[in-house]
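A.B. asks: Fold the following, please.
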Amino acid sequence: QVQLVESGGGLVQAGGSLRLSCAASGRTFSSYNMGWFRQAPGKAREFVAAITWSTRSTYYADSVKGRFTISRDNAKNTVDLQMNSLTPDDTAVYYCAADLATNPLVKFTPRYWGQGTQVTVSS
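C.D. replies: Model (predicted):
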């Protein structure tokens with residue numbers, strides 16, 4: 001079992017930046033690829049970004065590529081999402097997720113979820 005707790009959400013103006021963080025506890029953090037998803041009101045939850053257990057590879061949704069950066073610190077059991085050049089379309093609840101390290105990032109399938117953190121971007 002892996003427990004995930006997100007933090008860092010909030011209200012920001014368009015063009016601004018936010019950094020989300022996810023703290024993991026439970027089973028060995030480095031056994032999992034980690035990712036971020038988001039869900040806007042009235043929409044399905046969608047993939048945002050993922051990173052391998054080794055930090056060697058990352059994968060992004062086209063909508064955030066070049067603006068968002070995912071990183072992790074296996075010593076601290078944390079995974080972060082740096083979000084720059086935010087737009088109102090980025091408004092959503094952002095969820096941290098964990099997938100087995102044996103699964104390729106392009107097929108990221110969450111085994112564990114955090115509770116989510118709200119990000120609101122005003123125009």
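
A.B. asks: Give me the buried positions along stretch 65-77.
C.D. replies: Of the residues in stretch 65-77, those with enough neighbours to count as buried (16 or more other CB atoms under 10 Å) are 68-72, 77. C-betas here are computed from N, CA, C, even on glycine.

A.B. asks: And for the most centrally placed residue in the chain, nearest residue in space, chain neighbours not counted?
C.D. replies: Among the residues of the chain, residue 36 comes closest to the average C-alpha position under CA atoms, centre = their mean, at 2.3 Å. Spatial nearest neighbour of residue 36, excluding adjacent residues (CB to CB, 6 or more residues apart in numbering): residue 48 at 4.3 Å.

A.B. asks: Give me the distance from the helix or strand hosting the one you found to the chain's centre.
C.D. replies: Residue 48 is located in strand 46-51, with elements delineated by DSSP states H and E. Remark: strand 46-51 is offset 6 Å from the chain centroid, using CA atoms, centre = their mean, to the nearest Å.

A.B. asks: That strand: partners in the sheet, and parallel or antiparallel?
C.D. replies: Sheet pairing of strand 46-51 (DSSP bridges) gives strand 32-39 (antiparallel), strand 58-60 (antiparallel).
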